[in-house]
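K.L.:
sharing a sequence plus its predicted fold:
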Protein chains: 2
Amino acid sequence: MRAAVITVPGGPEVLEIHEVPAPVAGEREILVKVFASAINRADLLQRMGKYPAPPGAPRDIPGLEFAGEVAALGPGATQWRPGQRVFGITGGGAHAEFLTIHEDAAEEIPGNLSWSEAGAVPEAFITAHDALLQANLRAGDHVLIHAVCSGVGLAAMQLVRAFGSVPFGTSRTQGKLDRAKSGDLEDCFCVPDPSSLASMPEWAREVTNDRGFDIVLDLNGGPYFPASLRAMALKGRIVLIGATAGATAEVDLRHIFSRRLHIIGTVLRARPLEEKIEVTRRFADQVVPKLADGTLRPVIDSEFSLQQIQDAHRRVMSDQTFGKVVLRIAR
Amino acid sequence: MRAAVITVPGGPEVLEIHEVPAPVAGEREILVKVFASAINRADLLQRMGKYPAPPGAPRDIPGLEFAGEVAALGPGATQWRPGQRVFGITGGGAHAEFLTIHEDAAEEIPGNLSWSEAGAVPEAFITAHDALLQANLRAGDHVLIHAVCSGVGLAAMQLVRAFGSVPFGTSRTQGKLDRAKSGDLEDCFCVPDPSSLASMPEWAREVTNDRGFDIVLDLNGGPYFPASLRAMALKGRIVLIGATAGATAEVDLRHIFSRRLHIIGTVLRARPLEEKIEVTRRFADQVVPKLADGTLRPVIDSEFSLQQIQDAHRRVMSDQTFGKVVLRIAR
């Protein structure tokens, strides 16, 4: 099969398409012919040698999500028939024509989603949904989403609205925020420069009737984190999902205990199989029906073929994206 | 009645014993004749003008916990009879001969506790118990308690052991740690100087079989907080209760999400009455029986009369204490 291979750690140019042996489905696994996937920041980090694959995932083939067709069943697998359309998350190896996955870690793709749309769903919607569950989202909550125009951000925005709560967002680009505001976003705060964050807490009080945010989803970290601490409601929850804006922050701890905040660190990729199955089951129960009826819709920034994977990485690196960068694989 | 009064913001010398009107029990309240209380750091902050009393608490009479006798019932109060011995926490006003409290926010004192012992219990044991519940303490957890020789710390140490888990602790003073180790403490790490914290994570791995701590109770904040982040087990919980070692910290956010940590900020004093009643009920159910049978015992550092309240404050300020500084009030 063809697969994207990280030949050595480095820039997009180290990605090559190689012919490699297809994996074989093990006990209770299925073999999936991958029609679409998408690029995630973790793929970029892995390519640079900064984020090794977790145990069980291929060391040199990136790709954390898949949409494809069941091609074969491993021993003991009973949930699927060949030809069924499935999607899900994996620890790596999805930027290839075939992958194997535990049968319970896949979910059927609703009929209304194209392959590209289905490939744009799993990582964004599972990450956002799991984060909102961990934050104990309740109807009416005011939820601030940093990097709201990212794949996870736009998924979170839609989920918050779909669950009867009110999504707010930040981005570095006003043009992107305008696009999000024409959708589900209630209000937004533009951060052209980290120094703009100084007035974010004041804006937070204005748009929440002086209450502050009940939940913040933070994919940025860095200076966004201490600014969020000052923008929270009593007993607010911050879910920290990433640190693309900086790994360290100077934090005033008094905000954390005087407002009785909860800070929840989360990462999907490194979780053990049982936990990945768990989040996939919850996604299947609570999110997939809303994709099937059109309440939720993946947002695609751009599409690339597997052959164009270097360009796909460059597109993510551009920071110009609005939604997901999709990778089309099998033909 | 006699009460300690903060005349102006300042040092211990601004505390004076004044004759003031006794409070009157309102709807569903009881009037308590206070026999003992204790000094908390919040009393010191309030005296310095840095921690105003919450709504409903006297502005100028400190005191967050009480042990005393029911003296009278307000309208609608049915849970108590005059003469019963009760203890509990309050938003302020306990350093006086009488206070009023909602009848559900008081609990009966076990017969084996003296007035001084009973006065040393509520704030320490309720804070520690509530923090451990918030951290979802499970049997076998490794729990690190910063400032383990404080009133809250020694209460937490005993509670952790009583619930089948393993308590560890830090202190600035080796002599105090030796005393704690002769009790319930499994192992300890001395922090004579903040720079000693650099090797704390390494010690954490050694004493936990490379796993890290499941729970950290942090009353210190400052440099203790980032050091704790590096000492945690996967999915560990840090409960941040105070910041006596510094209000700010430089934090590496990657520890929070890569280890999927939960950070829980908590404070008792500012909680609304319903929540204070709730924590008191849980304390009554789970902690008081273990005080009654001697499994748990308050640790008293020293005792002062109400008249000596300035000296009692100075004792807390000395940082030499091991356990609670008790204040004897009614005679």
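P.N.:
Nice, I can see it. Numbering: from 1, shown residues only, chains lettered A, B, ... in the order given.

K.L.:
ok, and what's touching the helix or strand hosting A:F66?
P.N.:
Under the criterion of DSSP states H and E, A:F66 resides in strand A:65-73. Residues outside strand A:65-73 that contact it (Cβ atoms under 8 Å, 6 or more residues apart in numbering or on different chains) are A:25, A:30-38, A:40, A:80-90, A:94, A:98-99, A:101, A:103, A:106, A:109, A:113, A:115, A:118-119, A:121-123, A:329-330. In this view, the C-beta of every residue, glycine as well, is placed from N, C-alpha and C.

K.L.:
mean confidence score for that strand?
P.N.:
Mean pLDDT, strand A:65-73: 98.

K.L.:
cool, and stretch A:104-112?
P.N.:
Mean predicted lDDT for stretch A:104-112 stands at 98.

K.L.:
what are the buried residues along it?
P.N.:
For stretch A:104-112, the neighbour count (16 or more other Cβ atoms under 10 Å in any protein chain shown) marks A:104-107, A:109-110 as buried.

K.L.:
got it, and stretch A:28-44?
P.N.:
A:28-44.

K.L.:
what of stretch A:153-173?
P.N.:
For stretch A:153-173, by 16+ other Cβ under 10 Å, it's A:153-161, A:163, A:165-172.

K.L.:
which of the helices and strands in chain A ranks last by mean pLDDT?
P.N.:
Ranked by mean pLDDT, DSSP states H and E, the weakest helix or strand in chain A is helix A:174-181, scoring a mean of 93.

K.L.:
so which elements touch the helix or strand following that helix?
P.N.:
Counting by DSSP H and E, the element after helix A:174-181 in chain order, helix or strand, is strand A:187-190. On a contact count with 3 or more Cβ pairs under 8 Å, 6 or more residues apart in numbering or on different chains; DSSP states H and E, strand A:187-190 meets strand A:166-171, helix A:174-181, helix A:200-207.

K.L.:
who does the residue nearest to A:V148 when sequence neighbours are not counted bridge with?
P.N.:
In this structure, A:V148 finds its nearest non-sequential neighbour in A:G169, 2.7 Å apart by Cβ to Cβ, 6 or more residues apart in numbering or on different chains. Beta-bridge partners recorded for A:G169 (DSSP bridges): A:I145, A:C188.

K.L.:
quick check, A:G169 in contact with A:V152.
P.N.:
No. Using Cβ atoms under 8 Å, A:G169 and A:V152 do not qualify as a contacting pair, with a distance of 11.5 Å.

K.L.:
ok, A:P9 touching A:P52?
P.N.:
No. Contact criterion Cβ under 8 Å: A:P9 and A:P52 do not qualify, at 10.3 Å.

K.L.:
next, the most centrally placed residue in chain A: phi, psi?
P.N.:
Central residue of chain A (Cα atoms, centre = their mean): A:A124, 2.9 Å from the mean position. Backbone torsions for A:A124, taken as degrees, to the nearest 10, come to phi -70, psi -50.

K.L.:
could you pull out the strands for the stretch 1-150 of chain A?
P.N.:
A:2-6, A:15-19, A:29-38, A:65-73, A:85-89, A:98-102, A:107-108, A:142-145 (DSSP state E, counting those that start in this stretch).

K.L.:
please disregard the earlier target; I meant the stretch 151-300 of chain A.
P.N.:
A:166-171, A:187-190, A:213-218, A:232-240, A:248-252, A:262-265, A:300-305.

K.L.:
tell me which of those lies nearest to A:V20.
P.N.:
Nearest to A:V20 among the strands of the stretch 151-300 of chain A is strand A:300-305 (17.6 Å), distances taken as Cβ to Cβ.

K.L.:
per-residue pLDDT, the closest residue to A:H129 other than its chain neighbours?
P.N.:
Excluding its sequence neighbours, the residue lying closest to A:H129 (Cβ to Cβ, 6+ apart) is A:V287, at 5.2 Å. On the pLDDT scale, A:V287 is placed at 98.

K.L.:
count of residues packed around A:V287?
P.N.:
Neighbourhood size, A:V287 [other Cβ atoms under 10 Å in any protein chain shown]: 24.

K.L.:
isn't it right next to A:F125, touching?
P.N.:
Yes. Look at A:V287 against A:F125 with Cβ under 8 Å: they come within range, at 5.4 Å.

K.L.:
overlap of the contact sets of these two?
P.N.:
Going by Cβ under 8 Å, 6+ apart, residues that sit against A:V287 and also against A:F125 are A:159, A:296.

K.L.:
check contacts around the residue nearest to A:V148.
P.N.:
A:G169 touches A:144-146, A:148-149, A:153, A:157, A:177, A:180, A:185, A:188-189, counting by Cβ under 8 Å, 6+ apart.

K.L.:
wait, which of the residues you listed is closest to chain B?
P.N.:
When these are compared for distance to chain B (Cβ to the nearest Cβ), A:H146 wins out at 12.5 Å.

K.L.:
what's the neighbour count on the closest one?
P.N.:
There are 30 residues near A:H146, going by other Cβ under 10 Å.

K.L.:
measure it to B:P226 for me?
P.N.:
With distances taken as Cβ to Cβ, to the nearest Å, A:H146 is found 22 Å from B:P226.

K.L.:
try A:R28
P.N.:
Counting by Cβ to Cβ, the gap from A:R28 to B:P226 is 42 Å.

K.L.:
what of A:I89?
P.N.:
For A:I89, the distance to B:P226 - Cβ to Cβ - is 31 Å.

K.L.:
and A:G265, what does it touch?
P.N.:
So, once contact is read as Cβ under 8 Å, 6+ apart, A:G265 ends up touching A:240, B:255-263.

K.L.:
swap that for A:S258, please
P.N.:
Counted by Cβ under 8 Å, 6+ apart, A:S258 has contacts B:265, B:267, B:270.

K.L.:
ok, back up a step: just the closest of the contacts of A:G169 to B:D60, please.
P.N.:
Taking those together and measuring to B:D60 by Cβ to Cβ, the closest member is A:L144, at 39.1 Å.

K.L.:
neighbours of the closest one, just the number please.
P.N.:
32.

K.L.:
check contacts around it.
P.N.:
Applying Cβ under 8 Å, 6+ apart, we find A:L144 in contact with A:168-170, A:204, A:213, A:215-217, A:228, A:231.

K.L.:
same deal with A:A292?
P.N.:
Applying Cβ under 8 Å, 6+ apart, the residues near A:A292 are A:110-112.
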